[in-house]
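> Just the structure for this:
(2 chains)
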There are 2 protein chains.
Amino acid sequence: MIITISREFGSGGRELGKRLADELGLAYYDREILTELSRQEGLSEDYLEKVLESPSGIGYAISYSRSFAMIQNIDTAPQLLAKQHNIIKMLARKGDCVIVGRGADAILKEYKPFRIFVHADMQSRIQRCVSRGTKDEDLSEKALQKKIKKIDKARAENYEFVSELPWGDKRAYDLIINTTDLEIKGIVPAVASYIRAWLDR
Amino acid sequence: MIITISREFGSGGRELGKRLADELGLAYYDREILTELSRQEGLSEDYLEKVLESPSGIGYAISYSRSFAMIQNIDTAPQLLAKQHNIIKMLARKGDCVIVGRGADAILKEYKPFRIFVHADMQSRIQRCVSRGTKDEDLSEKALQKKIKKIDKARAENYEFVSELPWGDKRAYDLIINTTDLEIKGIVPAVASYIRAWLDR
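From the prediction side, this is the model:
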């Protein structure tokens, strides 16, 4: 049983993934994928995040890091993306799990994962960002809206590397959940039941 | 509690609606809407279906029926559509229910219904059409594919009359269910649980 969760930034997808993993007794992978890549590459998670999770991050990193990479003998961005895909496949081979983001639904196609997409309206996502934000962040509506759009753009662009369907296209998912004005906690048992029924098909 | 079900033709949306109504003890409206319109207008359900559920049906009926309508003193297609909307609103006022199709999610916006969209891949929809088909129908793959596309086109077109969002756009729905290779019966309890959790939000 592999469950993949794709999500708009601020829609509560990560929380849903974590809670589903607890409910179903599964391993949970999210930031862990970046940590493993960081370990393999000897590069900071912050740098990797910039390369892999910013719009045109791939392009940016190619131009930025090409000469740098040659001097330092580190991987270029497309190589990093390929290595991230290998880590996701390695985790899937280890056993049942929930994987959040990073195009895992497409990368792990052969495993026939249960594929969830989570979204919400802008207002609800801004509220969620505010409620989980830290003092260091600019939590103004304007700043958060900009951040949400930027991260979603990166996710959509990166998804194109692994899927023929656009990010968020309903044909690519088994269940699409609108979390506008919803508390994630409340829907977890029902989503877990749905997944069990789907597996029994 | 009002639940609206929009669905691609052949995706099992009608069965899901019927079973959900049974599970939750709600009234169920689908064909009943056409029957009521037929009663009000003194026109056959078949004629109304042709006008309201064919691509460009509205346009067709305007040109076809304008002179006819004047002679016969019957409503033109846009008037029929408006009357159908009124019937849907009247049914919603009567109490909790499940309404399948006809843009009810948008027409009943003020009731804040729980809005489901049901879809499946073409192969799975063809199979579903074959399994419920009758001897009188052309059940060849080619004929069914043509029929599916034609009816979906009409549904998408009619939806434009009542919503700013395209038919099937995820922002217009609370839950989008992919029924490819699924037996509807198996997912009903989980979907009902999800709706209960959503109502408790």
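> do you know how far A:Leu26 is from A:Ala190?
Between A:Leu26 and A:Ala190 the computed distance is 17 Å (CB to CB, to the nearest Å). Where you see a C-beta, it was placed from the backbone N, CA and C, and this is true even at glycine.
> what do you get for A:Glu164?
From A:Glu164 to A:Ala190 the distance is 31 Å (CB to CB).
> Which secondary structure element is home to the nearest residue to A:Ala172 once chain neighbours are set aside?
Nearest residue to A:Ala172, sequence neighbours excluded (CB to CB, 6 or more residues apart in numbering or on different chains): A:Leu165, at 4.4 Å. Element membership of A:Leu165, judged by DSSP states H and E, is empty: it is in no helix or strand.
> Hmm, B:His119 and A:Arg171 touching each other?
Yes - using CB atoms under 8 Å, A:Arg171 is in contact with B:His119, at 7.5 Å.
> Now for those two: what residues contact both?
B:Asn178 (CB atoms under 8 Å, 6 or more residues apart in numbering or on different chains).
> More neighbours: which of these two?
B:His119 (23 against 12; other CB atoms under 10 Å in any protein chain shown).
> In contact with the more buried one: list those residues for me.
By CB under 8 Å, 6+ apart, the neighbours of B:His119 are A:170-171, B:7-8, B:11, B:168, B:176-179.
> try it again with 6 Å
For B:His119, the contacting residues are B:8, B:11, B:178, by CB atoms under 6 Å, 6 or more residues apart in numbering or on different chains.
> Of those residues, which are in range of chain A?
For chain A, the contacts drawn from these by CB under 6 Å from any CB of the partner chain are B:Asn178.
> Name the residues of stretch A:192-201 that are buried.
A:192-195, A:197-198 (16 or more other CB atoms under 10 Å in any protein chain shown).
> do stretch A:91-101 as well
A:91-92, A:97-101.
> Dump the buried residues of stretch A:192-201 to JSON lines, plus secondary structure.
Formatted as JSON lines, the buried residues of stretch A:192-201 follow (DSSP: H, G, I helix; E, B strand; the rest coil):
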{"residue": "A:Ala192", "secondary structure": "helix"}
{"residue": "A:Ser193", "secondary structure": "helix"}
{"residue": "A:Tyr194", "secondary structure": "helix"}
{"residue": "A:Ile195", "secondary structure": "helix"}
{"residue": "A:Ala197", "secondary structure": "helix"}
{"residue": "A:Trp198", "secondary structure": "helix"}
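> Which pLDDT value belongs to the most centrally placed residue in chain A?
Geometric centre of chain A, nearest residue: A:Gly101, 1.8 Å, by CA atoms, centre = their mean. In this model, A:Gly101 is scored at 91, pLDDT.
> Please report phi then psi for it.
phi 70, psi -170 (degrees, to the nearest 10).
> ok, it - contacts?
No contacts exist for A:Gly101 under CB under 6 Å, 6+ apart.
> how near is it to A:Asp169?
To A:Asp169, A:Gly101 is 16 Å away according to CB to CB.
> One more: A:Asn86?
Using CB to CB, A:Asn86 is found at 25 Å from A:Asp169.
> Please apply the same query to A:Lys185.
Separation of A:Lys185 from A:Asp169 (CB to CB) stands at 28 Å.
> Give the next helix or strand downstream of the worst-scoring helix or strand of chain A on mean pLDDT.
For chain A, the helix or strand with the lowest mean confidence is helix A:57-72, at a mean of 51 (criterion: mean pLDDT, DSSP states H and E). Downstream of helix A:57-72, the next assigned helix or strand under DSSP H and E is helix A:77-94.
> Spell out which parts of chain A neighbour chain B.
A:170, A:174, A:176, A:178, A:182, A:186-187, A:190, A:193-194, A:197, A:201.
> Can you say which helix or strand has A:Leu20 in it?
helix A:13-24.
> Please name every helix or strand in contact with that helix.
strand A:2-7, strand A:97-100, helix A:184-199 (3 or more CB pairs under 6 Å, 6 or more residues apart in numbering or on different chains; DSSP states H and E).
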